[in-house]
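Novice: Let's see this in three dimensions:
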Amino acid sequence: MNFFKAFITGNLVDDATTTNYEDRTVHNFTVASNISKSTKNMVQYINCAFWTKKKEAPAKPKEKEEPAKTIGDYLKKGKGVSLICSSVKITQSENDDQTKSYQNVTFTISDIDFH
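Specialist: This is a model prediction of the structure:
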């Protein structure tokens, strides 16, 4: 049972990148979220991954119909989103001479609303 839930609201920094695997697809994207700290306004950048089942290719659209859209068609730069996160993955790395250490935090998204 998973007791972790986080809610994020913001705008996509860039178009999502999509990677297809055998039976699933992952959409990776970054969300910019404004944070107010007393007299300062800050922007927090949040790395996200949204997994979907691999979809069969849609049937060829009829004339005057728009082609079927996938979630990747909506995950475009500047788009407003509200996200529910179900888990967090933290990875750590160092630079080549091992003088600096970096952490990368990625939230796994379970639900997306667009606005």
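Novice: how far out from the middle of the chain is the helix or strand Asp73 falls within?
Specialist: Using DSSP states H and E, Asp73 maps to helix 71-74. Taking the mean of its C-alpha atoms, helix 71-74 sits 11 Å from the chain's own mean (CA atoms, centre = their mean, to the nearest Å).
Novice: Quick one: mean pLDDT for that helix?
Specialist: For helix 71-74, the mean pLDDT works out to 86.
Novice: who does the next helix or strand after it pair up with?
Specialist: Scanning forward in sequence from helix 71-74 by DSSP H and E, the next helix or strand is strand 80-94. Sheet pairing for strand 80-94, assigned by DSSP bridges, gives strand 6-12 (antiparallel), strand 101-114 (antiparallel).
Novice: So which bits of strand 80-94 are buried?
Specialist: For strand 80-94, burial by neighbour count (16 or more other CB atoms under 10 Å) applies to Val81, Leu83, Cys85. Where you see a C-beta, it was placed from the backbone N, CA and C, and this is true even at glycine.
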